[in-house]
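Trainee: Compute the structure for the input listed below.
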Amino acid sequence: DLDSASDMEGFVFGNGIVSHKWRGQVCSRRLVVKGCLAQGSKENARSRRKSTAKRFREVSEQIRDELKHTEKFPVKISVPYEVWKPLGLSPKLKLVRVFIDKECFYSLPEFKRQVLQQMVRLFPVMSFHPKFVLLPDEESFQLLAAKHVLETDKDLMRARDAAEEAGDQLMLALQPLKMPHLPEADQVPEPELLKSLKEQEDEHVTALSFYKFVDIEQPEFVVNRSRRVLSALGVKGRVYIAKEGINAQLCVPSNLISCLELSLADDPSARCDQLAEIAQWANRWVPREIRGAFLNVDREVTLDDTPFVDLRIKVRHQVLSDGLEKPLDWSNNGTAVSPEEWHQTLTSNDDVILLDCRNKYESQVGKFENARVLNTSTFRESWDWLRKELEGTSKDQRIMTYCTGGIRCVKVGAFLEQEMGFKNVDRLEGGIVAYSKFAREEGLESQFKGVNYVFDLRLGERVTGDVLTQCLNCGAKCDTQTDCANERCGRPFAQRHFVQCPECAAQLKGCCSEECLQCISTDRSQSETNSVFSTRADRDEHSDLLEEYSREYSTSEPMLMRDLQQATQEAFPSRAHMVCGPVVGRLLKSIVHMTRSSRVLELGTFTGYSSLWMASGLSDHGELLTCDIDPKAIEIAQAFYDRSTVSNKINVRLTAADDVLEELVESKAEPFDVVFLDANKAKYKSYYDKILESNILRVGGVVIIDNVLFKGGVPFLHDQYSDDSTLFQQLRRRRTNSIHEAGRLARKMHEFNEHVRNDPRTEQLMLPIRDGLTIATRIS
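Mentor: Got it, this is the predicted structure:
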């Protein structure tokens, strides 16, 4: 009897035991595996696995007892791209395993009914999607075995018997009989009023932020819908969505600010004025989870000073990483105090403890007078400071907290009240941003002095002329923060910012100390001796010059390729750099031509630039199979394939690389002569091993791997002098958007490069072209 454990998150009990993992052999210890709720990031899944490991051990013995009295068979269900992508489901769950009762195999309707029950449990959005119910009953879908529809009970039994004879689990594909009409993946219908307002190009943008702590069951669904809505409103910035809520820093064209405010209102449909059309549109498309948030509107700036250059929305484990062992009730977080009341309290000299909840590098350039700063490097360190510094303080003492925009004070307030027992905790609503705006508009003398550090391209907003800190080198009054020019600087990454006056910056050439300047001088001497450029920045510029020269003195790029690059730039301005370029493109064509290849496999189509080059090098009866999961990119690729002379040689699939490889293995397809690997970087190792172990590439064939140097960050992991700060400096120099994420991928790429180098099955050649290219020839 497992009823007592049925409320455990991530576990499925009852008629079918479900997992998003699968193994070749059935293991009773794995028959209850969390998976139905594992729709978040890898960090989400990892943390949930850790938190449920103890409980799993406690119930595993009970499960084994249950299995003694029941007989279940494993079935792998393939969920098509057309289902999980529009619904915002995680691609991790596109192949799931369910365990079905033995007697269900004698009745196809009962079998489908039990499959449906478990699939809806895995993907709840199928049953409560706001616009449709995808699988209302067992008659709404069909099951396919080896591409053949199961129509009768005998078909089901034959499929199961065939799987048993082959020593494998039964694998079926789920196919809805009627797909609902869904909007394009990257856009939503725009009302005419919104289109006309966007055509009136505004030369100013308004910076704003908002956050909201709310339970979000499916962050991926909210991410996809939010991206479409905010893109339609012309918004740029950073949005983080987690199961605990949402946190956003944005900028929007000033003439659209009222549209954004209305779209995020608690009940936009209540409007009946000239914006009623926008209200109806927002009521239909804006996710309810992000409505009703407090909009913290900052100041207006020109387009040249825009805080953000693109829109990025990501799923996070937490919207604000706190490091707490267990989450608190974020709704119980103290009293929100308006900027006006805050100003009156500070000017009345009341007996309060004023806490600056920001990190050290933020508070050293600006703070409220008489505030106690936490001097932390990261927000996670706040709790130890609070326990130590407030020990012995009366629980009735009034404590006032502030931060940049207000979100950190929510968590600090919750901690002070729930963990430390304080009864009189206030927080500044809207943070320093809202207060500085209030003081500026009311003409009051600001109680906040100095610079408000902000997390966008502005870095800092001067509130008053007060200078609170001094130059690290000479001690002169200064509050200009910078990074050390020496990429081998020993300062920890979390303390990378320091204050330096212009005179010392010029004298030390941007270094934080004489030691770092000497290090750069030594590098320059060695580089000049070895005829190598003096700094990595120079080497980056030198690499660009070499590529430009190589392109100029190679056979010119066909006009079709130039048009494709232009179309990619227009459709994907932030991802256009993913096109391999004419030098690499011509190299790919040359390899295909010199090896006299007739079969080429490409994992990662994007807009089809590299596949067109390779197809042009194929023999007359050659074939190129390529795949990608982005429908918009595939649409552009297909349009240019149709314009080319090699369209008959290209077979493009709108599916993931894993599925293509699995299909090639199951169909025992003829091996390929060349494989070009340019898909999910984090899964390169599994792709590479699958290609070799399953004989997808013939002996003597070539696998070409792109991005093996990953934005220049990979070589510095191999450098004996390298550390985190060096890696992150290099990635920042390459203008990588998320240096932490880039660092993680760079490490994975370094591990993959080591794996390939030590592989006796291939001979490898790594070329420092663009983002790095490895050519590995299979020798055994």
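Trainee: and stretch 611-624, how far out from the chain's middle?
Mentor: Taking the mean of its C-alpha atoms, stretch 611-624 sits 34 Å from the chain's own mean (CA atoms, centre = their mean, to the nearest Å).
Trainee: In it, which of the residues would be classed as buried?
Mentor: Neighbour counts over stretch 611-624 (16 or more other CB atoms under 10 Å) mark 611, 612, 613, 614, 615, 616, 617, 618, 622, 623, 624 as buried. (Each C-beta comes from the backbone N, C-alpha and C, glycine too.)
Trainee: hang on, the third one in a helix?
Mentor: Yes - note on residue 613: a helix contains this position according to DSSP: H, G, I helix; E, B strand; the rest coil.
Trainee: separation between it and residue 607?
Mentor: 12 Å (CB to CB, to the nearest Å).
Trainee: can you check the fifth one too?
Mentor: Applying CB to CB, one obtains 14 Å for the distance of residue 615 from residue 607.
Trainee: and the helix or strand encompassing residue 222, what other elements does it pack with?
Mentor: Per DSSP states H and E, residue 222 falls inside helix 219-232. Applying 3 or more CB pairs under 8 Å, 6 or more residues apart in numbering; DSSP states H and E, we find helix 219-232 packed against strand 236-242, helix 276-285, strand 311-315.
Trainee: if we go to 10 Å?
Mentor: The helices and strands touching helix 219-232, judged by 3 or more CB pairs under 10 Å, 6 or more residues apart in numbering; DSSP states H and E, are helix 192-199, strand 236-242, strand 245-253, helix 257-263, helix 276-285, strand 311-315.
Trainee: now that helix and helix 276-285, what's the angle there?
Mentor: Put simply, helix 219-232 runs at 160 degrees to helix 276-285, going by axes from the mean of the first three to the mean of the last three CA atoms, to 10 degrees.
Trainee: In CSV, list the helices and strands packed on helix 219-232 along with mean pLDDT.
Mentor: As requested, the helices and strands packed on helix 219-232 are exported to CSV (pLDDT from 0 to 100):
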stretch, mean pLDDT
helix 192-199, 82
strand 236-242, 91
strand 245-253, 90
helix 257-263, 87
helix 276-285, 82
strand 311-315, 87
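Trainee: from the ones you listed, which stretch is densest packed?
Mentor: Sort the helices and strands packed on helix 219-232 by mean neighbour count, taking mean count of other CB atoms under 10 Å, and strand 245-253 sits at the top with a mean of 24.
Trainee: neighbours of residue 690, just the number please.
Mentor: 17 (other CB atoms under 10 Å).
Trainee: check contacts around it.
Mentor: The contact partners of residue 690, by CB atoms under 10 Å, 6 or more residues apart in numbering, come to 657, 658, 661, 662, 664, 665, 683, 696.
Trainee: So which of the residues you listed are in strands?
Mentor: Assigned to strands by DSSP state E, none of the contacts of residue 690 qualify.
Trainee: In terms of model confidence, name the weakest of the residues you listed.
Mentor: Here the lowest pLDDT out of these sits on residue 683, with 87.
Trainee: How many residues are close by it?
Mentor: Using other CB under 10 Å, residue 683 has 17 other residues around it.
Trainee: got the helices and strands packed on helix 219-232 as TSV, with distance to residue 177 columns?
Mentor: Output for the helices and strands packed on helix 219-232, formatted as TSV (distance: least, CB to CB, whole Å):
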stretch	distance to residue 177
helix 192-199	36
strand 236-242	33
strand 245-253	36
helix 257-263	35
helix 276-285	26
strand 311-315	31
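Trainee: So for the helix or strand harbouring residue 602, what gets flagged as buried?
Mentor: Secondary structure from DSSP H and E places residue 602 in strand 599-603. Judged by neighbour count using 16+ other CB under 10 Å, the buried positions of strand 599-603 are 599, 600, 601, 602, 603.
Trainee: Counting by contacts, list what that strand packs against.
Mentor: The contact analysis (3+ CB pairs under 10 Å, 6+ apart) places strand 599-603 against helix 581-594, helix 609-616, strand 623-628, strand 650-654, helix 657-666, strand 672-677, helix 684-693, strand 697-706.
Trainee: Check which helices and strands the fourth one sits against.
Mentor: Okay, so that is strand 650-654. So strand 650-654, by 3+ CB pairs under 10 Å, 6+ apart, packs with helix 81-84, strand 599-603, helix 609-616, strand 623-628, helix 631-643, helix 657-666.
Trainee: pLDDT averaged over the shortest one, what's the number?
Mentor: I take that to be helix 81-84. Mean predicted lDDT for helix 81-84 stands at 65.
Trainee: quick one: strands adjacent to the next helix or strand after that helix?
Mentor: Going down the chain from helix 81-84, the next helix or strand is strand 95-101, by DSSP H and E. Applying DSSP bridges to the sheet, strand 95-101 is found paired with strand 17-19 (antiparallel), strand 72-78 (antiparallel).
Trainee: Make TSV from the ones you listed and add mean neighbour count and mean pLDDT to it.
Mentor: TSV is the format used below for these (neighbours: other CB atoms under 10 Å; pLDDT from 0 to 100):
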stretch	mean neighbour count	mean pLDDT
strand 17-19	24	36
strand 72-78	19	81
